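> Have a look; sequence and predicted model below, questions after that.
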Amino acid sequence: MMDNRKVQGVCGGILTGFCWGLSGVFSQYLFTNTEMQSSWFVAVRMLVSGFCMLIFLLLTKREELRMLLKRKEDLLRCALTGILGTMLFQFACYGAVQKSNAATAIVLQYLCPVMVMNYVCVKKHKFPEKMEMLSLALAVAGIFLIATHGNIHELVMSEEALVWGIGCAFFMMLSTVLPEPLYERYSAQAITSVSLFFGGITAGILVNPMKNPPVLDSRAFGALLAAVLCGSILAYLLYGVAVKQIGSAKASLFACSEIPTATVLSVLFMGNQFTFLDILGFVLIGSTIFILS
């Protein structure tokens, strides 16, 4: 039987994925039923969650935050992670949601582990091992099926959606590898909170959500609130618990519950329809996470 720490970690990882998947469907609802643009949504989401996470860090890990603020190199790395990684990742992710649907966008972002694998191979000057080559082949096959349904002469999803989706995975990879040296000195919560704050401030400056905000009724405002609170603040807190109790590799594996969550909810509440080839593509890309883990 698993001890309490492992149970907490597993539950935290699964619930993290559920929150992320739910947030993706809420965002799709907003893009479909209001005039809200993905850039405005990202700016508001990151600004609110960045400030909330920083306040939470100030209340719980003040000494760690003070130590990070004193080291200019570490602070700069957090800023780069927040801007080049987290912010651009969210712009690309929700751009893909707006151009396709939540499930497809979320599946494409899980090309990230394959990109990380390639980055590590180049960095260490080594050729990918057999299982790593298999994961790369499965990822390429998955993209091919989702984008073309097996017909090399025609795209069944827009080029914009495909570019946004692959870009999402790339920027997610940057948000993974950029803060690596920081984990030796700081907790995941501290790194995430400060990075998110920098990304949120930058997104707010670029977009200025106070200018021409979309008109929202009570249902749309509730969806926006849930997307911010559930998909950012609650998800990051749960993920922090999972990483602490079972480690980052296993936490990310259980967080893959995001894929079935987004797929099922997209069908039930947004009326999206997926073919057998779509589902097969989802499975092929999702399987790379299990192989690499």
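All right, it came through fine. Small disclaimer: the values here were computed from a predicted structure and weren't measured.

> Low-confidence bits of the stretch 151-293 of the chain, can you list those?
Scanning the stretch 151-293 of the chain with the threshold set as pLDDT under 70 gives 248-249, 293.

> The same query, at a cut-off of 50, please.
The stretch 151-293 of the chain contains no residues with pLDDT under 50.

> can you give me the helices for it?
Secondary structure of the stretch 151-293 of the chain (DSSP state H, counting those that start in this stretch): helices located at 159-177, 188-207, 218-228, 235-246, 248-254, 258-270, 276-292.

> Switch those over to a markdown table; also include mean neighbour count and distance to Leu145.
In short, each C-beta sits where N, CA and C put it, glycine included. Conversion of these to a markdown table gives the following (neighbours: other CB atoms under 10 Å; distance: least, CB to CB, whole Å):
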| stretch | mean neighbour count | distance to Leu145 |
| --- | --- | --- |
| helix 159-177 | 20 | 12 |
| helix 188-207 | 23 | 33 |
| helix 218-228 | 16 | 29 |
| helix 235-246 | 22 | 28 |
| helix 248-254 | 18 | 23 |
| helix 258-270 | 19 | 15 |
| helix 276-292 | 18 | 4 |
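
> longest helix of this protein?
Ranked by residue count, the top helix of the chain under DSSP state H comes out as helix 4-33.

> what's the angle from it to helix 218-228?
Orientation of helix 4-33 against helix 218-228 (axes from the mean of the first three to the mean of the last three CA atoms, to 10 degrees) gives an angle of 140 degrees.

> Could you list every helix and strand in contact with helix 4-33?
Identification of packing neighbours for helix 4-33 by 3 or more CB pairs under 8 Å, 6 or more residues apart in numbering; DSSP states H and E yields helix 38-60, helix 88-99, helix 102-109, helix 218-228, helix 235-246, helix 248-254, helix 258-270.

> Keeping just the C-alphas, turn the fifth one into CSV.
Included here for helix 235-246 are C-alpha records, laid out as CSV according to Å, rounded to 0.1, in the frame of the first residue of the first chain:
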residue,chain,number,x,y,z
ALA,A,235,-3.3,23.9,-10.3
TYR,A,236,0.1,25.4,-9.4
LEU,A,237,-0.4,24.7,-5.7
LEU,A,238,-1.5,21.1,-6.3
TYR,A,239,1.4,20.6,-8.6
GLY,A,240,3.8,21.9,-6.0
VAL,A,241,2.4,19.3,-3.6
ALA,A,242,2.8,16.5,-6.2
VAL,A,243,6.4,17.5,-7.0
LYS,A,244,7.3,17.6,-3.3
GLN,A,245,5.8,14.2,-2.5
ILE,A,246,6.6,12.1,-5.5
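
> Show me what that helix is packed up against.
helix 4-33, helix 38-60, helix 188-207, helix 248-254.

> Likewise for the longest one?
In terms of contacts (3+ CB pairs under 8 Å, 6+ apart), helix 38-60 is packed against helix 4-33, helix 62-70, helix 88-99, helix 188-207, helix 218-228, helix 235-246.

> and the shortest one, how far from the chain's centre?
For helix 62-70, the distance from its own C-alpha centre to the chain's C-alpha centre is 26 Å (CA atoms, centre = their mean, to the nearest Å).

> same question, the fifth one
A distance of 19 Å separates the C-alpha centroid of helix 218-228 from that of its chain, computed with CA atoms, centre = their mean.

> Next: stretch 40-57.
Distance of stretch 40-57 from its chain centroid, counting by CA atoms, centre = their mean, is 15 Å.

> Return the set of buried residues in that stretch.
Neighbour counts over stretch 40-57 (16 or more other CB atoms under 10 Å) mark 40-50, 52-54, 57 as buried.

> and what of stretch 124-132?
Along stretch 124-132, these residues count as buried under the neighbour rule (16+ other CB under 10 Å): Glu132.

> for stretch 208-219, same thing?
Neighbour-count burial for stretch 208-219 flags Pro209, Leu216 (criterion: 16+ other CB under 10 Å).

> For stretch 7-18, C-alpha coordinates in PDB please.
The C-alpha trace of stretch 7-18 is given here as PDB (Å, rounded to 0.1, in the frame of the first residue of the first chain):
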ATOM      1  CA  VAL A   7      -1.200   9.300  -2.000                       C
ATOM      2  CA  GLN A   8      -1.000  13.000  -1.600                       C
ATOM      3  CA  GLY A   9       1.400  13.300  -4.500                       C
ATOM      4  CA  VAL A  10      -0.600  11.100  -6.900                       C
ATOM      5  CA  CYS A  11      -3.800  12.900  -6.000                       C
ATOM      6  CA  GLY A  12      -2.100  16.300  -6.400                       C
ATOM      7  CA  GLY A  13      -0.800  15.300  -9.900                       C
ATOM      8  CA  ILE A  14      -4.100  13.900 -11.100                       C
ATOM      9  CA  LEU A  15      -6.000  16.900  -9.800                       C
ATOM     10  CA  THR A  16      -3.500  19.300 -11.400                       C
ATOM     11  CA  GLY A  17      -4.200  17.800 -14.800                       C
ATOM     12  CA  PHE A  18      -7.900  18.000 -14.200                       C
END
